[in-house]
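Colleague: predicted coordinates and the sequence they were generated for:
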Amino acid sequence: ESVETDGEGTVETEASEASDFVGESSTLPEGVALALSNGSADISTVPQSDFIAENDAAPPSERLAITGDVYTVSSSDGIARGQVALPVPTEATELSALDLYGWNGSSWSFLPSQVDAQSRQVVSADGEIPQAFTLMENTAPDEIAITGYISSGDKIPTALLPFLTDVVVSGLKLNAEGALDGTVERQPDGAYNQWVQVSNVGPIVDQAALSKLLGDSELQQAQIEELVSLADEGEYRGIELDYQQVPENQGELFSAFARNLADALHTQGLQLAITLGMPAFTGNTWTSGGQDWSALGNAADIVNIELPLDPTQYDQDDEAAQLLAYITRQIDRGKLRGLYSATAVDRFGETFAPLTNSEALANFGKLQFIQGSEEVEPKDTVEVALSGSANPLEWDGDSLTYRYSYEKDGQTHDVWLGSEASLNHRIQQTDTFN
């Protein structure tokens with residue numbers, strides 16, 4: 001999937017004014033624009049209090065508040081398709097906190113959108129026109145969700161358990177035949193939800209195994225039944241789907257598989273979480289390969305986003321902020337959870353890879369005596385040095401942690417150590433988009 005933006009969740013359209021956004025409509029309220037690809041539609045303004053009272057249409061979450069009016073849609077020739085642009089209400093203080101919602105006759109649902117900064121309009125993605133539109137403003141959640149990941153058979157440190165809201169147990173992997181190998185072992189019960197993770201990620205991402213699964217509807221149905229049974233009988237909260245590098249020509253098949261898995265889980269009162277890979281941003285286009293973020297976000301109950309490993313990319317205008325500005329326009333931000341590495345990070349060339357802190361410190365080697373020995377007499381001179389190849393530590397103000405460099409196979413590596421301050425700095429960036 002590819003979406004063109006300015007990298008910050010806004011889009012410049014030729015319809016810089018509402019009057020330029022042409023649509024087949026006899027009536028349009030001031031500031032509203034419409035462009036239809038099918039059918040016809042009329043749009044009317046209804047005060048939010050009247051619409052809520054008449055339709056029992058309160059916002060779907062306590063963290064959401066309708067901002068401005070509700071715009072109802074009527075069509076004389078069936079379902080209309082196209083785009084609508086709504087004006088940003090004057091009382092809206094944070095443009096980045098506004099999301100577009102559509103009414104289907106019984107409930108509100110999040111709609112993907114972009115912001116036209118020039119005309120101060122929120123523009124919907126092309127699709128079916130719902131019965132009503134409105135803008136809702138988000139407020140930060142009262143509680144923060146913190147998820148711990150653990151391999152089956154291992155135990156989460158007791159000291160961490162009171163802070164966790166969710167625990168994800170890994171152990172099931174796709175094999176070459178597109179079926180699942182491995183086992184999962186439930187963690188001790190606690191005040192957290194437990195999930196089963198299925199993945200095609202190991203030393204390499206097994207794209208061929210995923211392609212095999214997506215090309216066989218019987219394999220898909222068997223896996224869905226296996227996962228629902230496992231989650232239900234094991235009293236898990238649900239399934240976390242971590243299938244990466246989806247072939248672009250199988251993107252629609254993957255979205256359908258995720259939607260079918262979600263539907264099957266929901267019938268048993270269970271949930272689906274999906275992990276989305278870090279997209280590429282080139283020019284003015286975000287590219288997520290075969291992962292259709294909007295479709296997958298609509299299917300899932302929780303969406304995990306892999307955020308940049310580069311610890312220097314977490315200030316206001318950096319890559320992490322641009323990604324979050326984009327993704328909160330594609331997926332209901334109430335579903336989103338950021339995935340951060342709490343460990344050290346190694347950069348070589350343009351590639352970043354996580355390291356455990358012990359692996360990072362191993363590059364310093366051991367203390368060795370340059371002059372003197374372990375047996376020291378008074379006034380003896382002792383000189384020691386580290387035996388490794390790491391250069392001296394330096395403080396990095398961008399990442400709020402220490403870094404060093406070293407040489408390996410003729411290539412320079414840069415390593416940032418994991419630290420509480422660095423992790424907190426990155427998490428605060430997410431708070432801006434909650």
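Modeller: Alright, I've got the coordinates. Numbers count the residues shown, from 1 in each chain.
Colleague: for whichever strand or helix holds Leu253, list every residue counted as buried.
Modeller: Assigned by DSSP states H and E, Leu253 belongs to helix 251-267. For helix 251-267, the neighbour count (16 or more other C-beta atoms under 10 Å) marks 251, 253-259, 261-262, 264-265 as buried. Bear in mind the C-beta positions are built from the backbone N, C-alpha and C, glycine included.
Colleague: make TSV from those and add distance to Ser419 and pLDDT to it.
Modeller: Output for the buried residues of helix 251-267, formatted as TSV (distance: C-beta to C-beta, whole Å; pLDDT from 0 to 100):
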residue	distance to Ser419	pLDDT
Gly251	38	95
Leu253	42	97
Phe254	37	97
Ser255	38	97
Ala256	43	97
Phe257	39	98
Ala258	36	98
Arg259	40	97
Leu261	38	98
Ala262	37	98
Ala264	42	98
Leu265	38	98
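Colleague: ok, so of the residues you listed, who is nearest Asn298?
Modeller: Arg259 (7.9 Å; C-beta to C-beta).
Colleague: residue contacts, the closest one?
Modeller: If a contact means C-beta atoms under 8 Å, 6 or more residues apart in numbering, then Arg259 has 295, 298-299 as its contacts.
Colleague: go with 7 Å
Modeller: Ala299 (C-beta atoms under 7 Å, 6 or more residues apart in numbering).
Colleague: could you list the low-pLDDT ranges of the stretch 301-434 of the chain?
Modeller: Confidence mapping of the stretch 301-434 of the chain against pLDDT under 70 gives the ranges 368-369, 372, 384-385, 430, 434.
Colleague: ok, which stretches of it are helices?
Modeller: Ranges of helices within the stretch 301-434 of the chain are 319-330, 357-362, 420-431, based on DSSP state H, counting those that start in this stretch.
Colleague: of these, which approaches Thr158 most closely?
Modeller: Smallest distance to Thr158 across the helices of the stretch 301-434 of the chain (C-beta to C-beta): 19.2 Å, for helix 420-431.
Colleague: what about the closest one, distance to the chain center?
Modeller: When C-alpha coordinates are averaged (C-alpha atoms, centre = their mean, to the nearest Å), helix 420-431 and its chain have centres 16 Å apart.
Colleague: what does stretch 62-81 give?
Modeller: Chain-centre distance of stretch 62-81: 27 Å, with C-alpha atoms, centre = their mean.
Colleague: repeat that for stretch 198-215.
Modeller: Relative to its chain's centre, stretch 198-215 lies at 20 Å (C-alpha atoms, centre = their mean).
Colleague: one more: stretch 70-87?
Modeller: 29 Å.
Colleague: ditto for stretch 227-234
Modeller: Average the C-alpha atoms of stretch 227-234, do the same for its chain, and the two points are 25 Å apart (C-alpha atoms, centre = their mean).
Colleague: show me what contacts the residue nearest the centre of the chain?
Modeller: Closest to where the C-alpha atoms of the chain average out (C-alpha atoms, centre = their mean) is Ile305, at 2.6 Å. Each residue near Ile305 by C-beta under 7 Å, 6+ apart is listed here: 276, 327, 336, 338-339.
Colleague: what's the most distant pair in those residues?
Modeller: Ile327 and Leu339 (12.3 Å).
Colleague: more neighbours, these two?
Modeller: Comparing Ile327 with Leu339 by neighbour count (other C-beta atoms under 10 Å), the higher total belongs to Ile327, at 24 against 13.
Colleague: could you measure from the residue nearest to the centre of the chain over to Gln245?
Modeller: Ile305 sits 16 Å away from Gln245, going by C-beta to C-beta, to the nearest Å.
Colleague: check Asp431 too.
Modeller: Counting by C-beta to C-beta, the gap from Asp431 to Gln245 is 30 Å.
Colleague: quickly find the element holding Glu62.
Modeller: Counting by DSSP H and E, Glu62 is part of no helix or strand.
Colleague: now do the strands in the stretch 201-350 of the chain.
Modeller: Counting by DSSP state E, counting those that start in this stretch, residue ranges of the strands within the stretch 201-350 of the chain are 238-242, 271-276, 280-282, 285-287, 302-306, 336-339, 344-348.
Colleague: so which of those strands is nearest Asn363?
Modeller: Asn363 lies closest to strand 344-348 among the strands of the stretch 201-350 of the chain, at 9.2 Å (C-beta to C-beta).
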